[in-house]
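**Student:** Structure, please.
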Amino acid sequence: MGEHRRWVILCIGIAAQIASVSALFGVPFVLPELRAAYGLTIAQAGTLAGLPSLGLLATLLGWGVVIDRYGERFTMAASLLLTALALLLLGAVDGPWGAGAVLTLVGAAGGPVNAASGRLVLAWFSARQRGLAMGIRQAAQPLGIGASAALMPLAAEHWGFVAAMLLPAALAVAMVPPVLLYTGAPGADPPSRAPSGGVGSSPASPADSAADAPGAGTAPRPAASPYRHAAIWRVHGVSMLLGVPQFTVMTYALVYLVTEHGWSAPTAGAVIAATQVPGALSRLLLGLWSDRLGSRLRPVRIVAVVSGAALLGLTVSSAVLPWAAVPLLLACLVLSMSHNGLTFTAVAETAGLAWAGRAMAAQNSLQAVSTTVTPLLMGVVITALDGLDAVFAVAAAFCAAAVAAVPRDRAGAAPPP
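**Tutor:** Purely as a prediction, here's the structure:
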């Protein structure tokens, strides 16, 4: 029963995160209608698209304390309901300032679903399955973005910006009953299988192997703060650096296809949606690879190198190989999203179950710094250098910085199979 239940809970966590992701990151796919509704430039609309990340940044650490204290079920249900209510407020505000305030509120409400569902994975899956399970769970982000890219431009084209934003609100409401019914059902307490949380400790130690066994019911051991050590901060830093190219490509891909290549917004949205399937698959496969390799961080370094090279190719493709621009853009969309599951798992394993809610909330908070600052930074780049090609070059520089920042494999490494 426990084996069956853990996969059911994983599926519920995925669906809940898809709802949250659609609300938080669906705005870039309705930028043309957002611009038309409020008379905005591309840079101004991109800034509004980053405001949910500002809300994330302001509240995620607090949500992490709530997760560790009150559990995943309460936190996820509350977040989904508050997200839906915030999205409904878009119909009651006028002007870009009001819309910006509501989008910030959406981010403040929607953040903890990612950390809470990640904590469920940490609690229910052993270290030898955790890379795969977290990769599957992290696939919810590209799946949610793909659903948004496919559906929201169509809704926005027919009914406008506000109506399109009601789609993630409806999905969030629909996910509340499954979260309440299954993630906290009586007798469903997960086995404790977390490492002690010491930075550099391996989950494969004898004591942890006993706690790792299916059905183990021992309480998590008290753990000192992992933030007294540098390794977990470096993993956070890598996530922040790689978040810049990820959010850059996601924010400007549709606008790039429309303005630079003459595509219609629905067509561009459908193609971007199609890239989310290989993007989700890449997270799953990289998680499985990390389980077999015994390292979460070596694959992250490789992904950062390849992503940076693809972004540089995209930068020069318009002048050198115009026919390659669109394939390179699609490759960048896939590559830029593939690292998340690995860094998220590395942070969770380094922190241990006792600190997992706070550590994963901190991970999301620091990523929110990237997603908040990225549209502002790239708006300046577009204005100063007059073109979208320049933003891809800047994003490649962040990939290079991430390669240098990836710590050695001892911290956050998976145990060998």
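**Student:** use CA for all of it now, contacts and neighbours both
**Tutor:** Fine.
**Student:** Which residues does whichever strand or helix holds residue 104 contact?
**Tutor:** Under the criterion of DSSP states H and E, residue 104 resides in helix 95-110. Judged by Cα atoms under 8 Å, 6 or more residues apart in numbering, the contacts made with helix 95-110 from elsewhere in the structure are 20, 23-24, 38, 48, 51-60, 79-80, 82-83, 86-87, 89-90, 93.
**Student:** If burial is judged by neighbour count, which of those residues pass?
**Tutor:** The neighbour-count test (16 or more other Cα atoms under 10 Å) marks 20, 23-24, 48, 51-60, 79-80, 82-83, 86-87, 89-90 as buried among the contacts of helix 95-110.
**Student:** Among the residues you listed, name the ones in helices.
**Tutor:** Among the buried ones among the contacts of helix 95-110, the members found in helices (DSSP state H) are 20, 23-24, 48, 51-60, 79-80, 82-83, 86-87.
**Student:** Helices along the stretch 101-250 of the chain, start to end?
**Tutor:** 112-124, 127-138, 140-159, 161-182, 206-212, 230-261 (DSSP state H, counting those that start in this stretch).
**Student:** Need the winner for burial among these.
**Tutor:** When neighbours are counted by mean count of other Cα atoms under 10 Å, the highest per-stretch mean among the helices of the stretch 101-250 of the chain falls to helix 112-124, a mean of 27.
**Student:** what's in contact with that one?
**Tutor:** Contact partners of helix 112-124, identified using Cα under 8 Å, 6+ apart, comprise 6, 9-10, 13-14, 16-17, 20, 60, 63-64, 67, 71-72, 75-76, 79-80, 130, 133-134, 137, 190-194, 348-349, 353, 356-357, 360-361, 364.
**Student:** now stretch 70-90
**Tutor:** Applying Cα under 8 Å, 6+ apart, the set of residues contacting stretch 70-90 from outside is 16, 19-20, 23, 63, 66-67, 99, 102-103, 105-107, 109-113, 116-117, 119-120, 162, 165-166, 168-170, 172-173, 175-176, 179-180, 183-184.
**Student:** now do 7 Å
**Tutor:** Contacts with stretch 70-90, where a contact means Cα atoms under 7 Å, 6 or more residues apart in numbering, come from 20, 66-67, 99, 102, 105-106, 109-110, 112-113, 116, 162, 165-166, 169, 172-173, 176, 179-180, 183-184.
**Student:** Over to stretch 302-309?
**Tutor:** Outside of stretch 302-309, the residues within contact range by Cα under 7 Å, 6+ apart are 332, 335-336, 339, 396, 399-400, 402-403.
**Student:** Give the burial count for residue 70, as a bare number.
**Tutor:** By other Cα atoms under 10 Å, 11 other residues sit near residue 70.
**Student:** measure it to residue 17 for me?
**Tutor:** 19 Å (Cα to Cα, to the nearest Å).
**Student:** Kindly report the same for residue 322.
**Tutor:** 37 Å.
**Student:** So if I had to pick from these two, which one is more boxed in?
**Tutor:** residue 17 (32 against 12).
**Student:** The more buried one: what secondary structure?
**Tutor:** Residue 17 carries the three-state label helix when classified by DSSP: H, G, I helix; E, B strand; the rest coil.
**Student:** from what I can see it touches residue 139, true?
**Tutor:** No: assessed by Cα atoms under 7 Å, residue 17 is found out of contact with residue 139, at 9.5 Å.
**Student:** shaky segments in the stretch 151-300 of the chain?
**Tutor:** Filtered on pLDDT under 70, the stretch 151-300 of the chain yields the residue ranges 184-223.
**Student:** Residue 301 is in what secondary structure piece?
**Tutor:** Secondary structure assignment for residue 301, by DSSP H and E: helix 297-320.
**Student:** In that helix, which residues are buried?
**Tutor:** Buried, per 16+ other Cα under 10 Å, within helix 297-320: 297-301, 303-317.
**Student:** Make a markdown table from the contacts of stretch 302-309 and add distance to residue 381 and neighbour count to it.
**Tutor:** A markdown table is the format used below for those (distance: Cα to Cα, whole Å; neighbours: other Cα atoms under 10 Å):
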| residue | distance to residue 381 | neighbour count |
| --- | --- | --- |
| 332 | 19 | 27 |
| 335 | 22 | 23 |
| 336 | 20 | 27 |
| 339 | 25 | 30 |
| 396 | 14 | 27 |
| 399 | 17 | 28 |
| 400 | 18 | 19 |
| 402 | 20 | 25 |
| 403 | 23 | 20 |
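**Student:** Closest one to residue 229 out of those, please.
**Tutor:** For residue 229, the closest of these turns out to be residue 402, at 19.1 Å, with distances computed as Cα to Cα.
**Student:** Pull the contacting residues for that closest one.
**Tutor:** With contacts defined as Cα under 7 Å, 6+ apart, residue 402 is in contact with 238, 241-242, 304.
**Student:** how does it look with 8 Å?
**Tutor:** Shown in contact with residue 402 (Cα under 8 Å, 6+ apart): 237-239, 241-242, 301, 304.
**Student:** And for residue 270?
**Tutor:** Contacts for residue 270 (Cα under 8 Å, 6+ apart) come out as 149-150.
**Student:** Roughly how far does it sit from residue 263?
**Tutor:** For residue 270, the distance to residue 263 under the criterion Cα to Cα works out to 11 Å.
**Student:** With residue 139 instead?
**Tutor:** 27 Å.
**Student:** which of the two has more neighbours?
**Tutor:** residue 139 (27 against 15).
**Student:** isn't the more buried one right next to residue 283, touching?
**Tutor:** Yes: in this structure, residue 139 is within contact of residue 283 by Cα atoms under 8 Å, at 6.1 Å.
**Student:** where does the stretch 301-417 of the chain have low pLDDT?
**Tutor:** Under the criterion of pLDDT under 70, the regions of the stretch 301-417 of the chain flagged as low confidence span 353-354, 408-417.
**Student:** hey, where'd the helices end up in it?
**Tutor:** Counting by DSSP H, counting those that start in this stretch, the helices of the stretch 301-417 of the chain are 325-337, 340-351, 353-385, 389-405.
**Student:** CA atoms only for the last one - export them in CSV, please.
**Tutor:** Coordinates of the C-alpha atoms in helix 389-405 are reproduced here as CSV (Å, rounded to 0.1, in the frame of the first residue of the first chain):
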residue,chain,number,x,y,z
ASP,A,389,19.6,39.0,-29.7
ALA,A,390,21.5,40.9,-27.0
VAL,A,391,19.5,39.3,-24.2
PHE,A,392,20.4,35.9,-25.3
ALA,A,393,24.1,36.8,-25.2
VAL,A,394,23.7,38.1,-21.6
ALA,A,395,21.9,34.9,-20.6
ALA,A,396,24.8,32.9,-22.0
ALA,A,397,27.2,34.8,-19.7
PHE,A,398,25.1,33.7,-16.7
CYS,A,399,25.4,30.0,-17.8
ALA,A,400,29.2,30.5,-17.8
ALA,A,401,29.1,31.9,-14.3
ALA,A,402,27.0,28.9,-13.2
VAL,A,403,29.6,26.5,-14.5
ALA,A,404,32.2,28.1,-12.3
ALA,A,405,29.9,28.1,-9.3
